[in-house]
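J.: Just the structure for this:
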Amino acid sequence: FGSSPHRCPRRDPLPRTLPRLRPRPLAMMSISARGGVSLLAWVLATCLLQGNGEGDSANGWNLAPIKVCGSRLCNSVTGEEFLAKGIGMPNVGDDVSEWIQVLRRINTLSPEINVVRIYVPPACAIEGKCFEPFMRVADKLGIYVLAPGTGTIWGWLPGTPGACSPQTPDGCYRAGSVLGWGQKIIQHFNYPNTLAVVIGNEFEMQMLKFIPVLKAYARDLKIYMEMCNSAPDSPTLKQMRMIPLMYASSDAGGDEGAKPKADYLFCDGEHVSVDIFGLNIERWCADETGKMEYTNVNKWIGEKNLPGAVIFSEDGCSRQGLPESYGNARTWNQLTGFFKNFSNVRGFVAYTLNGNHDFDMADGPKADANLLPDGKNFFEKIKTVGDGSSSKPSQAQVVPTCPATILGVNIDNYADVHWYDTGSTGWASSCPQPYRQSGLKEAIAGNASSFDPLMVIV
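T.: Numbers count the residues shown, from 1 in each chain. Model (predicted):
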């Protein structure tokens, strides 16, 4: 209407993380002569950004955003390490109240759980604010959410080359309009307790040759978030959070597959990479061999000093792989002392409460479902996870070189996978609303025209 809307600029985005949020000393603050930022304004702004840890916090949220700190996850306010203890959410349907009931039951079964991974959200979740009540209940329960960066009806990544036209990484990137979906997810999951957007799940298992799609997708979502933070007509101008991006890789090929896939997804710098590498690991079947496998994975993660966090994005063996003596139920013994035994793994998401017969912990997706023996074992063992290791990374993170081949498959250049126009979805005016309390600017000393809450942090 009269001028071209802002679209994603073709330039490197801002760094993946915001600086640690802490108020400047009063003596260092710049006070405007035009009504200025009063002490009250400073206090309000500090509360706006940090909250007070209670349900009645100034911004309406208890949890601070999690960011990536080197190879770790950390609280963006306190800097404390965050260790993810999660579970896969069932696909409950379109009734958000039932999602909330399931979430509350999970919390009742284990207050230890601080992450849930969503695979298929209610249809309304990417079109409006219907899912905000779920996110707010999760916040009050101390739970972060992994949001799906791919859809099913649309916004999907192709499962076979035949779905791509042409059959190239660029053709596959466009096939399901996944970029538009990712932009929608960012618009409707811009909450402080969104742990990350999962840009794909085991896409590379059948489509390894087309893995450059993932680099391009991460690149373009980061460009989109940077644009939301910088475009004058964006609702989140100077307030847009760089939500971390995660990929959940299959464990196909074992360590020989996982190592180069992690290298590839972190290579060439953060502007074209994920922030978290997730491994859907199914190796703890028998306790003895499972411990050996996890120890080996933990070792190579530490040796690589990757420039991002690694978590087990799906943790747990298929029932088909269990010893007969286990009675069709996993022991979940890997959870005992998890973060001390596997100190380079920053979290796990147990797979799954319900949704896959070979992995189910309950006999249905709703809150009244019965726990199976597998689920009973899990909720007992998660009590024994314990604290993290007190050791700190000894070396600076190393950005890997992009491997030319993975498991013998030649990998094309991700630079040949191009951004594409998603219409009004990608415009700055469609960027998310800030999750911070609306109207605060107007309430601060009549300085609505110039006050920027991000200016009181360092």
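J.: Run a quick neighbour tally on residue 97.
T.: The tally of other residues near residue 97 (other CB atoms under 10 Å) stands at 9. Where C-beta positions appear, they are placed from N, C-alpha and C, glycine not excepted.
J.: just to confirm, which helix or strand has it in it?
T.: Residue 97 is part of helix 96-109 when elements are defined by DSSP states H and E.
J.: and the spatially closest residue to residue 337 that is not a sequence neighbour, how many neighbours?
T.: Spatial nearest neighbour of residue 337, excluding adjacent residues (CB to CB, 6 or more residues apart in numbering): residue 386 at 5.1 Å. The tally of other residues near residue 386 (other CB under 10 Å) stands at 14.
J.: For the very next helix or strand once past the helix holding residue 97, which strands pair with it and how are they oriented?
T.: Sequence order places strand 115-117 as the next helix or strand after helix 96-109, per DSSP H and E. The strands that strand 115-117 pairs with in its sheet are strand 84-88 (parallel), strand 144-148 (parallel) (by DSSP bridges).
J.: Between helix 96-109 and the last one, find me the angle.
T.: To tie it back to what came earlier, the one meant is strand 144-148. Between strand 144-148 and helix 96-109, the angle comes out at 130 degrees (axes from the mean of the first three to the mean of the last three CA atoms, to 10 degrees).
J.: residues in contact with residue 266?
T.: 273-274, 277, 306-308, 399-400 (CB atoms under 8 Å, 6 or more residues apart in numbering).
J.: again, 6 Å this time
T.: 273, 306-308, 400 (CB atoms under 6 Å, 6 or more residues apart in numbering).
J.: Run the chain-centre distance for the helix or strand where residue 226 lies.
T.: Assessed by DSSP H and E, residue 226 sits inside helix 212-230. Centre-to-centre, helix 212-230 and its host chain are 14 Å apart (CA atoms, centre = their mean, to the nearest Å).
J.: now the helices for this structure?
T.: Here the chain has its helices, by DSSP state H, at 39-50, 96-109, 132-140, 169-175, 178-188, 203-207, 212-230, 255-266, 287-304, 338-341, 373-381, 440-443.
J.: still on that earlier bit, tell me the mean pLDDT for the helix holding residue 226?
T.: The average pLDDT for helix 212-230 rounds to 98.
J.: what sits up against it?
T.: Taking CB under 6 Å, 6+ apart as the rule, helix 212-230 contacts 8-9, 13-14, 169, 172-173, 179, 182-183, 199-200, 234, 236, 240, 242, 245, 247, 272-274, 412, 414, 417, 419, 431.
J.: send the alpha carbons of it over as PDB?
T.: The C-alpha trace of helix 212-230 is given here as PDB (Å, rounded to 0.1, in the frame of the first residue of the first chain):
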ATOM      1  CA  PRO A 212      22.100 -28.300   2.500                       C
ATOM      2  CA  VAL A 213      18.400 -27.400   2.800                       C
ATOM      3  CA  LEU A 214      19.000 -27.300   6.600                       C
ATOM      4  CA  LYS A 215      21.800 -24.800   6.400                       C
ATOM      5  CA  ALA A 216      19.800 -22.600   4.100                       C
ATOM      6  CA  TYR A 217      16.700 -22.800   6.400                       C
ATOM      7  CA  ALA A 218      18.700 -21.900   9.500                       C
ATOM      8  CA  ARG A 219      20.300 -19.000   7.600                       C
ATOM      9  CA  ASP A 220      17.000 -17.600   6.400                       C
ATOM     10  CA  LEU A 221      15.200 -17.900   9.700                       C
ATOM     11  CA  LYS A 222      18.100 -16.000  11.400                       C
ATOM     12  CA  ILE A 223      17.900 -13.300   8.700                       C
ATOM     13  CA  TYR A 224      14.200 -13.100   9.300                       C
ATOM     14  CA  MET A 225      14.600 -12.600  13.100                       C
ATOM     15  CA  GLU A 226      17.300 -10.000  12.500                       C
ATOM     16  CA  MET A 227      15.000  -8.200  10.100                       C
ATOM     17  CA  CYS A 228      12.200  -8.300  12.800                       C
ATOM     18  CA  ASN A 229      14.600  -6.700  15.200                       C
ATOM     19  CA  SER A 230      15.800  -3.900  12.800                       C
END
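J.: nearest to residue 62, of the strands paired with strand 115-117?
T.: Judged by CB to CB, the one of the strands paired with strand 115-117 that comes nearest to residue 62 is strand 144-148, at 11.3 Å.
J.: Just the pLDDT at residue 389, thanks.
T.: Predicted confidence (pLDDT) for residue 389: 74.
J.: now residue 385
T.: Reported pLDDT at residue 385 in the predicted model: 98.
J.: For the protein, which helix or strand comes out least confident on mean pLDDT?
T.: Lowest by mean pLDDT, DSSP states H and E among the helices and strands of the chain is helix 440-443, with a mean of 36.
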